[in-house]
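1. model this:
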Amino acid sequence: MSYINDLIKERQECIARLNSLIYGSVEVRESKGEKYIYLHYNNNGVRLTRYAGVYSDELYNLILNNNILAKDLKRKIKQLTKDLKSLGYIDNALSEKVALNIDFAKRHMVDTIYKQAVLEGIATTYADTETIIEGGKVNNLSADDVLKVVNLKRAWQFILDKDVLEFDTNFALLCEINRLVLDGFYYNAGKLRTTPVSIGGTKWKPQLPMEGEIKQDIKDILDSADNISQKAIKLLLYVMKKQIFIDGNKRTAVIFANHLLIKNACGLIVVPENLVDKFKTLLIYYYESGKEDEILAFLEEQIIKL
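-> Numbering: from 1, shown residues only. Predicted structure coming up:
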């Protein structure tokens with residue numbers, strides 16, 4: 001059994017790594033003197049196109065290298081699946097409720113990512129967000145804002161993967177989500193913050209994060225007597241207040257919390273556009289006072305139950 005578990009874990013890690021890669025058949029498009037990279041790829045037999053970013057030699061070469069890595073990972077996944085099958089292992093099917101939660105999250109992905117973008121102050125519209133997610137080009141946003149939306153899409157696709165949903169909602173997953181969210185912005189994406197930060201609107205400053213402490217805090221939240229919804233919200237607030245990463249903590253926190261909700265078929269949480277100001281006010285109060293009752297109640301109301 002231990003050997004089978006090792007094979008399952010190795011396959012899950014390969015799949016997670018494959019899903020985090022930017023790869024595919026490269027197409028360079030030009031518009032108004034600028035070059036943009038688009039990728040063509042197959043998803044369950046369906047030919048899809050997505051926007052990868054503004055052209056640079058670094059990005060182009062990264063994709064070419066990723067294509068080689070993706071091919072190796074697919075070959076390894078295929079062999080691991082074959083080895084597991086020979087040992088009599090059969091994949092556990094997702095429960096019907098979890099499958100419904102995944103479908104719900106996928107159908108509402110544009111709306112979810114748009115609301116996250118608004119929360120982060122990204123100057124996008126719902127229509128532009130939809131265009132970006134579908135692989136189209138927009139003229140109204142900066143290249144950085146477009147990449148932030150693309151990264152949100154990749155992070156959501158990552159946590160909605162069946163094998164990733166079988167992973168625990170833990171420190172390693174948290175770091176991988178942040179790596180996806182900040183990909184292309186920081187060399188240390190997904191790594192613990194090592195420099196002091198300040199938070200707009202408050203004089204409160206978080207201490208530098210420590211890996212052992214964070215792992216224990218996450219474990220304590222998950223081991224508490226709270227229900228799944230309360231645990232997810234407390235994880236969300238913890239990541240935001242701790243400011244674990246150099247940037248993207250709110251985006252990372254929301255997706256991390258939703259991993260726990262979705263894998264337990266407990267719905268979806270995102271702050272509506274018209275309540276962003278209220279949420280930020282409650283969040284500042286939580287930072288400064290440490291009192292969480294009000295913001296917990298507010299966020300519980302935002303969970304969309306299936």
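2. okay, and for the chain, where does confidence drop off?
-> 1-2, 4-5, 43-46, 88-93 (pLDDT under 70).
3. so which helix or strand takes in the residue most central in space within it?
-> The centre of the chain sits closest to Ala155, judged by C-alpha atoms, centre = their mean, with a distance of 3.0 Å. According to DSSP states H and E, Ala155 maps onto helix 143-159.
4. Convert the C-alpha atoms of that helix to CSV, please.
-> Extracted C-alpha coordinates of helix 143-159, given in CSV (Å, rounded to 0.1, in the frame of the first residue of the first chain):
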residue,chain,number,x,y,z
ALA,A,143,0.2,44.6,-20.0
ASP,A,144,0.7,44.1,-16.2
ASP,A,145,-3.1,44.2,-15.5
VAL,A,146,-3.7,41.7,-18.4
LEU,A,147,-1.1,39.4,-16.9
LYS,A,148,-2.7,39.6,-13.4
VAL,A,149,-6.0,38.4,-14.9
VAL,A,150,-4.3,35.7,-16.8
ASN,A,151,-2.5,34.5,-13.7
LEU,A,152,-5.8,34.4,-11.8
LYS,A,153,-7.2,32.2,-14.4
ARG,A,154,-4.2,29.8,-14.2
ALA,A,155,-4.4,29.7,-10.4
TRP,A,156,-8.1,28.9,-10.5
GLN,A,157,-7.6,26.2,-13.2
PHE,A,158,-4.9,24.8,-11.0
ILE,A,159,-7.1,24.4,-7.9
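5. buried ones in it?
-> Neighbour-count burial for helix 143-159, counted by 16 or more other C-beta atoms under 10 Å, picks out 145-159. For the C-beta atoms, the positions are set from N, CA and C on the backbone; glycine is no exception.
6. rewinding a little: the residue nearest to the centre of the chain and Arg179, how far apart?
-> According to C-beta to C-beta, to the nearest Å, Ala155 stands 9 Å off from Arg179.
7. ok, back up a step: which helices and strands sit right next to the helix holding Ala155?
-> helix 2-20, strand 46-54, helix 109-119, helix 126-133, helix 171-181, helix 249-263 (3 or more C-beta pairs under 8 Å, 6 or more residues apart in numbering; DSSP states H and E).
8. redo that, cut-off 6 Å
-> Judged by 3 or more C-beta pairs under 6 Å, 6 or more residues apart in numbering; DSSP states H and E, helix 143-159 is in contact with helix 109-119, helix 126-133, helix 171-181, helix 249-263.
9. buried stuff in the last one?
-> The reference is to helix 249-263. 249-263.
10. ditto for the shortest one
-> Across helix 126-133, burial judged by 16+ other C-beta under 10 Å covers 128-133.
11. which among the residues you listed gets closest to Asp57?
-> Ile132 (23.2 Å; C-beta to C-beta).
12. Enumerate every residue touching the nearest residue to that closest one once chain neighbours are set aside.
-> Of all residues not flanking Ile132 in the chain, Val149 sits nearest, at 4.7 Å (C-beta to C-beta, 6 or more residues apart in numbering). Val149 makes contacts with 117, 129, 132, as judged by C-beta atoms under 6 Å, 6 or more residues apart in numbering.
13. 10 Å instead?
-> Listed by C-beta atoms under 10 Å, 6 or more residues apart in numbering, the contact set of Val149 reads 51, 110, 113-114, 116-117, 120, 122, 124, 128-133, 138, 141.
14. Please apply the same query to Asn101.
-> Here Asn101 is in contact with 94-95, 160, 165, 258, 261-268, 304, 306 (criterion: C-beta under 10 Å, 6+ apart).
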